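> fold the following for me, if possible:
(2 chains)
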Amino acid sequence: MRLKLIILLGMVPLLFVQSALALTDAEFRKLHRELQPDPKATWRTIPWKTSVLDAQAAAAREGKPIFIWAMDGHPLGCT
Amino acid sequence: MLDRESTFANPTIVKLLQTRFIPVAIDQAYQRRQKDNEGRFYQKIANQGPRKIGRGTTQGLYTADASGKLLDFTNNRGADRVLRMINGSLEKHRPVKITAIGKGTPDTQYNPKPPKGGLVVRVTSKILDGYQEPENEFRRIFQQSLGRDNLWISANEHTALARGQLSKSLLKRLARFHLVDNTRGEPPMWRENEILKLEGKITNGQLRTTVQLKTAKGDRGYEAKLLGYVETKSGKVTRLDIVANGQFWGEGPYTRNAPKGRFPLAIAFTLADGKDTADTIPPQASRGWVQGYVR
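Numbers count the residues shown, from 1 in each chain, chains lettered A, B, ... in the order given. You can find the predicted model right below:
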């Protein structure tokens, strides 16, 4: 009995490590859903162009000023 | 991501940008180097501000008219400051009679296109736990942010995927350039010799991969398992969903303030449908050297 208990207790850390590293189908679905960007995020409602020449053409056509969001790393992606 | 959740979450700023401006978002590391009309137009505007071309980053917010005359610049992201800049620019602005500048011959080094016959995959990342209570709202935004990048897959790799095979080149690119913590800024990528373990295969449409990445000094690493699903139709991949989940540690020069010690980082991959403007953005790791990225 004591031997069985020792063996079982010895397996606890191993089971914990396995559980921490394994990725189940349920975890996959939960995380995949959780990591999708919010399509209704306010900043996404701004009609961003990704080329300053496209912006220049639109500004010339519509008589509007250009607003440039210039970052290190693309602001719509990284950073 | 700070700007997305602060400046561009302000309803007045958003409304003005939607209706009174032509808004454009760029990674200025391209435009400030580009030797073509796109680069020259941006450089003309940036050179009228405090951050000149050739002296490092020109990061910031600019307003200009269609001729390229600078109206205002700020690198302050406070909503009040940006709103003052926007309103001041509207007061200054006078429409100019000018035609559209032609694209001319693009600088190929800074105009990478997704591989023909290949795939574009959205990559998002999130730290699931481990941060301490933030000192302020800006820090909280970083702690809750979602990193975003694109993974490019070549035509050959696409063909192999459609046959149920995971190319070594794809697996290595995915690990080196996309299993990174980009939730607080531009992340350091992994060198080839920092891949300690990388095993993966597809069985009956299910992708399973194990990866161990670690710097030589051991100050940054990621140990993760990946699970994914691949579906195909008529020789083309129609679904590619993958999740990486594991323990990350460390940070880079531009991703400071990571959680202490090891922390859970999850990364999701989803086939892009081209409906998101961000789907057109080249992968962060391809900047200036797309041949080194897709090889």
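
> quick one: average pLDDT of stretch B:102-116?
Averaged across stretch B:102-116, pLDDT comes to 93.

> again with stretch B:89-97
In the prediction, stretch B:89-97 has an average pLDDT of 97.

> and that stretch, how far apart are its ends?
18 Å (Cα to Cα, to the nearest Å).

> hmm, stretch B:257-273 touching chain A?
Yes - using Cβ under 8 Å from any Cβ of the partner chain, stretch B:257-273 reaches chain A at B:266-268, B:270. For the C-beta atoms, the positions are set from N, CA and C on the backbone; glycine is no exception.

> dump those residues to TSV, plus pLDDT and secondary structure.
Below are those laid out as TSV (pLDDT from 0 to 100; DSSP: H, G, I helix; E, B strand; the rest coil):
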residue	pLDDT	secondary structure
B:266	98	strand
B:267	98	strand
B:268	98	strand
B:270	98	strand
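
> show me the helices in the chain, by range?
As the question left the chain open, I've gone with chain A. A:2-21, A:25-34, A:52-62 (DSSP state H).

> let me rephrase: I mean chain B.
Applying DSSP H to chain B gives helices spanning B:2-5, B:11-20, B:28-31, B:37-46, B:79-92, B:137-144, B:155-162, B:168-178, B:290-293.

> weakest of the helices of chain A by average pLDDT?
helix A:2-21 (a mean of 48).

> any idea how chain B splits into domains?
For chain B, automatic domain parsing gives the domain ranges B:2-109, B:112-293.

> now those domains in JSON lines, with distance to residue A:29 and mean neighbour count?
Shown next, in JSON lines, are the domains of chain B (distance: least, Cβ to Cβ, whole Å; neighbours: other Cβ atoms under 10 Å in any protein chain shown):
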{"stretch": "domain B:2-109", "distance to residue A:29": "26", "mean neighbour count": "18"}
{"stretch": "domain B:112-293", "distance to residue A:29": "9", "mean neighbour count": "18"}
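
> any chance of JSON lines for these, columns distance to residue A:33?
Converted to JSON lines, those look like this (distance: least, Cβ to Cβ, whole Å):
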{"stretch": "domain B:2-109", "distance to residue A:33": "20"}
{"stretch": "domain B:112-293", "distance to residue A:33": "9"}
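
> of all those domains, which one comes closest to residue A:61?
Closest approach to residue A:61 among the domains of chain B (Cβ to Cβ): domain B:2-109, 7.2 Å.

> the domain parsing of chain A - what is it?
Taken from automatic domain parsing, chain A resolves into A:1-36, A:38-79.

> any part of stretch B:39-51 near chain A?
Yes - using Cβ under 8 Å from any Cβ, stretch B:39-51 comes into contact with chain A via B:41-42, B:45-46.

> could those be laid out in TSV, adding pLDDT?
Listed next are those as TSV, based on pLDDT from 0 to 100:
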residue	pLDDT
B:41	98
B:42	98
B:45	98
B:46	98
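
> check contacts around residue B:66.
Neighbouring residues of residue B:66 by Cβ atoms under 8 Å, 6 or more residues apart in numbering or on different chains: A:56, A:59-60, A:63, A:66, B:95-96, B:98.

> out of those, who's nearest residue A:74?
Distance to residue A:74, by Cβ to Cβ, is smallest for residue A:66 among these, at 17.6 Å.

> against residue A:23, how distant is the closest one?
45 Å (Cβ to Cβ, to the nearest Å).

> residue B:214 now?
For residue B:214, the distance to residue A:23 (Cβ to Cβ) stands at 20 Å.
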